Structures are given as C-alpha cells and as structure tokens.
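Need coordinates for the following:
(2 chains)
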2 protein chains.
Amino acid sequence: MLPRSARAIARLLERLPGVGERTASRYVVHLLGADPEVAQALGRALVELHQHVRPCERCGNLAEVEVVDAPVVCEVCADPRRDPTLLCVVAKVSDLSAIERSGAMRGRYFVLGRLVSPLDGIGPDDLPLERLSARIREDGVREVIVATPPSVDGEATALLLARELEALGVTLSRIASGVPHGSELEFADQVTLGRAIAGRRGV
Amino acid sequence: MLPRSARAIARLLERLPGVGERTASRYVVHLLGADPEVAQALGRALVELHQHVRPCERCGNLAEVEVVDAPVVCEVCADPRRDPTLLCVVAKVSDLSAIERSGAMRGRYFVLGRLVSPLDGIGPDDLPLERLSARIREDGVREVIVATPPSVDGEATALLLARELEALGVTLSRIASGVPHGSELEFADQVTLGRAIAGRRGV
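Numbers count the residues shown, from 1 in each chain, chains lettered A, B, ... in the order given. Just a heads-up that it's a prediction; the model follows:
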C-alpha cells in the first residue's frame, strides 16, 4: 500500500489513457526512487502546460504560445511551404499527428474535435462546420481530404461533410483502403497511413 | 509533431518505466485535451512528492511524512499487529508492495535497495548489512524470510545473507521458487520446473 501522497498521485496518473492502478503505482514508485529533480521538473512543466500550449486558432492543432496575446498559430499553419489549397479534415489532434508522421500530407489541416454520433447525442450542430467553411473560402481551398476514422461515426461525419461542403465547389475526397476497419488512426503505421492518403477517392 | 513545451513534457514522461515516445505523446495530448486542472493538480503533486513521501527509517519502505522533523515510519512498521519477530528481506519497494498485496506476510520488512551483482560491480559492501543486523537484534527477530528474486543476483544475495546472518542465531528461509499459480507446465522453463520438482512437498 503506497503512502497517502503517493496514492493521490497514482490516482491522478490513472486518468491517462491506458494507465491502470498497477501501472500508476509503478510510475510513482519509480519517481520516488529517482532523483527528486525528475518529479519536480515534470511537475513544474505540467503546471504550466496549458499556458504554453493552446489550440491553433486556424486549425485546432496544438500550438506553442510564442508571444502572449498574439494569435496562436501552429507549425503547420505557419509553414509557407504547405499547399493552402489542400485541406485535411481530422477528428482529433492525435490523428493529425499520425498523418504528419506519415509525411504524406503536403497541405494543411482542420481538426473537428468530435464526430457526429447519434448514440452520444452529438449532431451536425455540435461540429465547427461554419469555421470549416470560412477556412475553405478564406484560403481558396480546392480539395478537402476527409480523414475521419473508418468507423460508423467517422463515415457518418464524412457524409455530413460531403453534404455541407457541396455548395462550396471543392473536390472532396476520403482516405482510402489501408486503414483497417474499426481501428484508430493514431495507432496505424506510417506506411498504412501513407497509402491511405495516396489512395484517396472522390466521395 | 508536438509543440516545444509539449515535447519537453513527453521527454520527461519517457523516463517512466515502459513509456516510449508514442505513449508519452499520447499522455501529453490527452492532458492537453482534458481540463487544465488535471495537469495542474498532477503537476503540483509531483513538485511536492519528495517532501511528503520518504523512505521509512526502519525498513526502507515508502512512508508519508506526517510531522516535519519527526522520524519517518511506514504503515507496516507502525502497525502494532505485525509480528516483530518475523522479517522479510526484499530487494526493492515494489517487491514489498507485491508481497503486501498477497496478504501472506504477517511480519515486517527490510528493503535492501539493491542486490549483489558482480557484473555491475555491486558487492557485499554496497548492501545495508549492518543496518539489517541492527534491526534483527533490536526487534528480537527470530525468522528472516529472504524474498529476493529467483535470479542469479537474487540467489547470490540470498547466499550472502545466509552467511552474514549466521552468527545472529536467526532461522533463515527463502521464498519457494516453482511453477506459478494458474500457468501451464508445458510453457514453464527448465530451471523453473527443476526448482518445482526439487522443492516438492508432501500433499
């Protein structure tokens, strides 16, 4: 049985994805056995994390806050070598990171933050469709790649986007075979994700 | 690619046991998507961890610092229902925790902190043998259970303890090594099966 303060930290660590009671205890015992500076450096960084990292105001990707009160723009949106006419729509930041690792995307991104999910009561109105339309118009986007996951909610969201964006006159495509049905994008390997990007088809 | 501050935290998280680059990134992205209070509470607790939790001055187990400047004693050493004449010697705190979870130990513990390991240059002088002897004499310990792991270093440490503690007149025992509960005999390695046979008992 861990001492009270160590148990309190273990319980906080259990909120991390895939971390159960046993793993959380191992982490705490490890930190207690290591140089106190390790736990303290991690602690100080965590306290300040949300001050230093914010969602990009253009795409929703994670971005470093470089200047206080200045607009927060991520590395991808700030990169002038990216094709502004190609936009990849993803459900969440970890999916964006997975596609970036594949190196197959030369355009920019838009993070929806969620998928339509009738079972969870998430409908079209809960998605940032107006911000997406505005982004498409402002940047003169010509092709939108829908990279939502190949799940029921992901496909429903792709269909919704196809309907919503029809009037904007953009080419809409969907990442193709290569990503196994029902799996999470963030766990797909780089080659699979690369093929999915290269093999996209019209919706 | 995570923003700079997020990458810095991911690198610190990679020091935790079993955490690689991918897992560390997932943890950070999860924290950034959650209520900032989660990361901040975890951060504050980590900064203070080593102030609140110290090694027990009697056994080396982790203990809560209840009163500043008072001796730090763990729950097990402070529990009057524990048999003071039975002492279980373990290599590390996580081994102590595992034995506590089994509920099979009604005595107290002594954490060595390390095992003799000729390959790593750790000899008998690097182990707290004098503190162990003093503890045995002070508490009137009658039986010492050596619960070091059934590895080369663990067995060497058990032999060293048998030699060192001989003059103290205590009964020395070693935890049984054999086929684990619920496992298949056909998948057990030869050494384990050999020990299971050699350590057989009457039914």
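
you'd agree A:Val47 is up against B:Ala45?
No: with contact defined as C-beta atoms under 8 Å, A:Val47 and B:Ala45 do not form a contacting pair (10.0 Å). No exception for glycine: its C-beta is placed from N, CA and C like everyone else's.

Looking at those two, which has the bigger crowd around it?
Comparing A:Val47 with B:Ala45 by other C-beta atoms under 10 Å in any protein chain shown, the one with more neighbours is B:Ala45, at 23 against 19.

for whichever helix or strand A:Arg44 is part of, what is the average pLDDT?
A:Arg44 belongs to helix A:36-52 when assigned by DSSP states H and E. For helix A:36-52, the mean pLDDT works out to 96.

same question, stretch A:114-125
Stretch A:114-125 shows a mean pLDDT of 92.

Kindly report the same for stretch A:135-148.
Mean predicted confidence for stretch A:135-148 is 94.

What are the buried residues along it?
Applying a neighbour-count criterion of 16 or more other C-beta atoms under 10 Å in any protein chain shown, one finds A:135-136, A:139, A:141, A:144-148 buried in stretch A:135-148.

Widest-spaced pair of those residues?
For the buried residues of stretch A:135-148, the maximum inter-member distance is 20.1 Å, found between A:Asp139 and A:Thr148 (C-beta to C-beta).

name the element the closest residue to A:Ser117 other than its chain neighbours belongs to?
Spatially, and ignoring its direct neighbours in sequence, A:Ser117 is nearest to A:Asp153 (4.6 Å; C-beta to C-beta, 6 or more residues apart in numbering or on different chains). Counting by DSSP H and E, the element that carries A:Asp153 is helix A:152-165.

Convert that helix to CSV, retaining C-alpha atoms only.
What follows is helix A:152-165, C-alpha atoms only, in CSV (Å, rounded to 0.1, in the frame of the first residue of the first chain):
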residue,chain,number,x,y,z
VAL,A,152,-19.6,4.3,-38.1
ASP,A,153,-19.3,7.8,-36.6
GLY,A,154,-16.3,8.6,-38.9
GLU,A,155,-18.2,7.6,-42.0
ALA,A,156,-21.3,9.5,-40.9
THR,A,157,-19.2,12.6,-40.4
ALA,A,158,-17.7,12.2,-43.9
LEU,A,159,-21.2,12.0,-45.4
LEU,A,160,-22.2,15.1,-43.4
LEU,A,161,-19.2,17.0,-44.7
ALA,A,162,-19.9,15.9,-48.3
ARG,A,163,-23.4,17.4,-48.0
GLU,A,164,-22.3,20.6,-46.1
LEU,A,165,-19.4,21.4,-48.4
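
picking up where we left off before, and the residue nearest to A:Ser117, how many neighbours?
Neighbourhood size, A:Asp153 [other C-beta under 10 Å]: 18.

How is chain A partitioned into domains?
For chain A, automatic domain parsing gives the domain ranges A:4-50, A:81-198.

Of the ones you listed, which is nearest B:Ala198?
Closest approach to B:Ala198 among those (C-beta to C-beta): domain A:4-50, 31.4 Å.

one step back: mind giving me a markdown table with the domains of chain A and columns for distance to B:Leu129?
A markdown table is the format used below for these (distance: least, C-beta to C-beta, whole Å):
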| stretch | distance to B:Leu129 |
| --- | --- |
| domain A:4-50 | 20 |
| domain A:81-198 | 49 |
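
Who does the closest residue to A:Arg135 other than its chain neighbours form a beta bridge with?
Of all residues not flanking A:Arg135 in the chain, A:Phe110 sits nearest, at 6.0 Å (C-beta to C-beta, 6+ apart). Beta-bridge partners of A:Phe110, counted by DSSP bridges, are A:Val89.

quick revisit: against which helices or strands is whichever helix or strand comes after the helix holding A:Asp153 packed?
Note on helix A:152-165: by DSSP H and E, the next helix or strand toward the C-terminus is strand A:171-174. Packing contacts for strand A:171-174, counted by 3 or more C-beta pairs under 8 Å, 6 or more residues apart in numbering or on different chains; DSSP states H and E, involve strand A:143-146, helix A:152-165, strand A:201-202.

ok, now with 6 Å
Secondary-structure packing of strand A:171-174 (3 or more C-beta pairs under 6 Å, 6 or more residues apart in numbering or on different chains; DSSP states H and E): strand A:143-146.
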